[in-house]
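S.K.: starting from these lines, generate the structure:
(chains A and B)
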Amino acid sequence: MSDIQIKEPLIRVVKRDQASMRQKIAARGAAILLALVLDALFIFFVTGLNPFSVYGVMFQGTFGTKVRFSWAVRDLVSLLCVGIALAPAFKMKFWNVGAEGQVLMGGLMTALIMVYWGDRLPAPALFAVMLLTSVAAGAVWGLVPAFFKARWKTNETLFTLMMNYVATSFVACAVNIMRGQASSLGKLNMGSHAGWFPTVFGQRYNINIIVVLILTFAMYFYLKYTKHGYEISVVGESENTARYAGINVAKVIMRTMAISGAVSGLCGFLIVCGRDQTISTTTAGGNGFTAIIVAWLAKFNTFYMALISFLLVFLQKGAAEIASAYSLNDYAASIITGIILFCILGSEFFINYRVIFRRERRAK
Amino acid sequence: MKADGKSVVIITHKLHEVLAISDRVSILRKGEYVGSVKTAEADESLLTEMMVGKKVALNIERPEPVNPVKRLEVRNISVVSEEGVSILSDISFDVYGGEILGIAGVSGNGQKELLEAIAGLQPVAAGGSIKYYNEPGGSEPPMEVVGKNPRIIRNAGIHMSFVPEDRLGMGLVGSMGMTGNMMLKSYDRGRGFLTDRKKPQDLAESIMKELGVVTPGVNTPVSRLSGGNVQKVLVGREISESPIVLMTAYAVRGLDINTSYTIYDLLNRQKKKGVAVIYVGEDLDVLLELCDRILVLCGGRVSGILDGRKAAKEEVGLFMSGGRRIE
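M.R.: Below you'll find the model as predicted:
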């Protein structure tokens, strides 16, 4: 049989059974190294700067000072919180692209109550009401598309996306009413600080960090160990299997989206009370969409989500720092961070697939 | 094409096709070449032995039903699809414990919907009833199945198992391991918010051992297993529920001959335990060898119920294509 000519392609791609931990780390390490080399070439030939000092500056963006680091963590938890909110919906293969609107609705309820009831309610009651209404608003915003999907099989992607625009308009309208004659809304309750989170360990937003940390563990646990989590996995895999098992698919879809929306609403509450103390149409800041990437890359594991959120925030801060330190064009800085992100995402391919070259086989 | 001097290679696991059409047969087993024989010198048992690696008895056992008692009474079942097309009309039959009732029919004549209706997955038109006898002849009245969903059926104490046609799309969760799949029908048992993974894991391990499921581990996603192993996981789980009525749809479709015989054997063992087994199949030879009675469906109606020991293949074929006789 050996004299038979077999034409073998130069490169073949084979799906891996399962990459070992070492292979995964090696692939990602190689990706980062490759990214740094490519970036160095870009920096050197296009901008004429010293790549090493640029990397140093980029690193400074997050780790430069204690305050910068805490800002990075603050932004990280804002993103992570939305990622956690999306995890159950995406695990159920319900493409919730409406987190942006769910966050805004939560933030809006918080802001309204802060402004109109801020001086009427004692602090604990005020926080309780803000928390409950924002969670409820987010849940309703998630529940509406879920209801239509469960009942009439409408497309949830379009529906949740549209709900974002409705929420944005609500916020714009409310902001106009609240600001009155002023040119902009500014911080709410500037005088009394009613409804602002108290300062813990030096920063108001430390409460956000603590809450999101708890949520990270809670959501992981919910998805992995509870009966609800099991139902979500089954519905996500196949609705027929779910029906076969006697799971009420419509109920699971609505319940899960209510939870997803509620956590997004909670995120809006945290942002308004702990970070911004105000509301605007950009309160969610695109996190509702970035979090989709976070949730997908982490395969709905909330701890990986924390890592990926950190990476994204680190890159974003680094890009801003490079742009201001070298008075570079914003786009140049974005290219540098974009190359890093591209290489890391690309390494996923090599983790899932094996590339076999022709020569390798012949030697065997 | 053969007469034209062309080379023709056919790949199949249907032995009688090979024997009927080919001149030489080469056999592969687990990716390795086992050997070639001239078809004229080969017979089914030789080929099977080469495929499996050991001698396999190729006759399906058919013990006499012992003490048949009525377990399921299906009356006037009609099913209309979502598009308004009538799929089943006016189906009535009984199923007894200790027998295998075969259901024959050209694919798509309502077999799937019939089993799904009994399992509570298809809405049944008004006027139909499916009665389940938990304690035949006893004081306990029969239970109505129509109008209940699978979970309510389960919780009502109706011991029905169902091996659906679409194994990974309905019977199992492809991305989960054996353990996760064992939980599918029992995850909601027990109080509290949390799932119990210990018992399903023990069950997964015992099924893996007893049925010889080839898998790297009980947590390897079942979609990565071969078709035969997937079916062993599914049948193993359904049997482990100790059913009183066991329904199977195309239980051996796409399986190699060794696994097929394992499945026949499992069904016979259930039958001997007194389980009422419903076997929807497409291979008439197997139906005639395995089943005590054969119900033939044609165009959504029962065109005949035949005695599996006496019926001839041609007779079944005639009923499948529309002939009618009611015993």
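S.K.: quick one, helices of the stretch 201-327 of chain B?
M.R.: For the stretch 201-327 of chain B, helices defined by DSSP state H, counting those that start in this stretch occupy the ranges B:227-240, B:257-272, B:284-290, B:313-320.
S.K.: buried deepest among these, which one?
M.R.: helix B:227-240 (a mean of 22; mean count of other Cβ atoms under 10 Å in any protein chain shown). Yep, even glycine has a C-beta here, placed from its N, CA and C like the rest.
S.K.: which strands or helices does that one pack on?
M.R.: Judged by 3 or more Cβ pairs under 8 Å, 6 or more residues apart in numbering or on different chains; DSSP states H and E, helix B:227-240 is in contact with strand B:160-163, helix B:178-182, helix B:198-210, strand B:245-249, helix B:257-272.
S.K.: how far does that helix sit from the chain's center?
M.R.: Taking Cα atoms, centre = their mean, to the nearest Å, one finds the center of helix B:227-240 at 10 Å from the center of the full chain.
S.K.: that one vs strand B:245-249, what angle?
M.R.: 160 degrees (axes from the mean of the first three to the mean of the last three Cα atoms, to 10 degrees).
S.K.: would you turn the helices of the stretch 201-327 of chain B into TSV with mean pLDDT?
M.R.: Converted to TSV, the helices of the stretch 201-327 of chain B look like this (pLDDT from 0 to 100):
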stretch	mean pLDDT
helix B:227-240	94
helix B:257-272	91
helix B:284-290	92
helix B:313-320	88
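S.K.: these: which one's closest to residue B:125?
M.R.: The closest of the helices of the stretch 201-327 of chain B to residue B:125 is helix B:313-320. By Cβ to Cβ, the value is 24.0 Å.
S.K.: export the helices and strands packed on helix B:227-240 to TSV and tack on distance to chain A?
M.R.: Formatted as TSV, the helices and strands packed on helix B:227-240 follow (distance: least, Cβ to the nearest Cβ, whole Å):
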stretch	distance to chain A
strand B:160-163	7
helix B:178-182	8
helix B:198-210	11
strand B:245-249	12
helix B:257-272	19
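S.K.: quick check: which of these is nearest to residue A:357?
M.R.: helix B:178-182 (36.0 Å).
S.K.: buried sites along that closest one?
M.R.: For helix B:178-182, the neighbour count (16 or more other Cβ atoms under 10 Å in any protein chain shown) marks B:178-182 as buried.
S.K.: also stretch B:1-16?
M.R.: residue B:15.
S.K.: before we move on, what about stretch A:41-57?
M.R.: A:42-43, A:47, A:49, A:51, A:54-55, A:57.
S.K.: just to revisit the earlier point, can I get the helices of the stretch 201-327 of chain B in a markdown table with distance to residue B:187?
M.R.: Listed next are the helices of the stretch 201-327 of chain B as a markdown table, based on distance: least, Cβ to Cβ, whole Å:
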| stretch | distance to residue B:187 |
| --- | --- |
| helix B:227-240 | 12 |
| helix B:257-272 | 24 |
| helix B:284-290 | 33 |
| helix B:313-320 | 40 |
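S.K.: now do the contacts for residue B:286.
M.R.: B:60, B:252, B:264 (Cβ atoms under 8 Å, 6 or more residues apart in numbering or on different chains).
S.K.: kindly report the residues of the stretch 1-150 of chain B close to chain A.
M.R.: Within the stretch 1-150 of chain B, the residues that sit near chain A (Cβ under 8 Å from any Cβ of the partner chain) are B:119-121, B:149-150.
S.K.: at the geometric centre of chain A, which residue sits there?
M.R.: Centroid-nearest residue in chain A, with Cα atoms, centre = their mean: residue A:291, separated by 2.2 Å.
S.K.: C-terminal to the strand or helix carrying that one, what's the next element?
M.R.: Using DSSP states H and E, residue A:291 maps to helix A:287-297. Using DSSP H and E, the helix or strand that follows helix A:287-297 in sequence is helix A:302-325.
S.K.: for residue A:298, which of the helices and strands packed on helix B:227-240 is the nearest?
M.R.: Per Cβ to Cβ, nearest to residue A:298 of the helices and strands packed on helix B:227-240: helix B:178-182, 19.9 Å.
S.K.: extract the CA atoms of the closest one and return them as CSV.
M.R.: Listed next in CSV are the C-alpha coordinates belonging to helix B:178-182 (Å, rounded to 0.1, in the frame of the first residue of the first chain):
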residue,chain,number,x,y,z
MET,B,178,-23.9,11.0,31.5
THR,B,179,-24.5,12.3,35.0
GLY,B,180,-26.3,15.4,33.8
ASN,B,181,-28.4,13.3,31.6
MET,B,182,-29.4,10.9,34.3
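S.K.: about what we covered before: show me what the helix holding residue A:291 is packed against.
M.R.: Counting by 3+ Cβ pairs under 8 Å, 6+ apart, helix A:287-297 packs on helix A:66-91, helix A:99-117, helix A:302-325.
S.K.: in the second one, what's buried?
M.R.: With burial defined by 16+ other Cβ under 10 Å, the residues of helix A:99-117 counted as buried are A:99-115.
S.K.: could you do stretch B:161-177 as well?
M.R.: Buried positions in stretch B:161-177, judged by neighbour count with 16+ other Cβ under 10 Å: B:161-165, B:167-177.
S.K.: what about it, start to end distance?
M.R.: With Cα to Cα, to the nearest Å applied, stretch B:161-177 spans 20 Å between its terminal residues.
S.K.: what about it, distance to the chain center?
M.R.: The answer for stretch B:161-177 is 13 Å, by Cα atoms, centre = their mean.
S.K.: ok, how many other residues are close to the residue in the stretch 151-300 of chain A that chain B sits nearest to?
M.R.: The minimum distance from the stretch 151-300 of chain A to chain B, using Cβ to the nearest Cβ, falls at residue A:246 (2.8 Å). When neighbours are counted by other Cβ atoms under 10 Å in any protein chain shown, residue A:246 registers 20.
S.K.: for it, which non-adjacent residue is spatially closest?
M.R.: residue B:151 (2.8 Å; Cβ to Cβ, 6 or more residues apart in numbering or on different chains).
S.K.: let's see the pLDDT reported for the one you found.
M.R.: For residue B:151, the pLDDT comes out at 90.
S.K.: now do residue A:358
M.R.: pLDDT, residue A:358: 68.
S.K.: now swap in residue A:310 and tell me
M.R.: 93.
S.K.: also residue A:233?
M.R.: pLDDT, residue A:233: 95.
S.K.: give the contact list for it.
M.R.: By Cβ under 8 Å, 6+ apart, the contact list for residue A:233 reads A:91, A:223, B:173, B:175-176, B:180.
S.K.: ok, those residues vs residue A:173, which is closest?
M.R.: Nearest to residue A:173 among the contacts of residue A:233, with distances taken as Cβ to Cβ, is residue A:91, at 34.2 Å.
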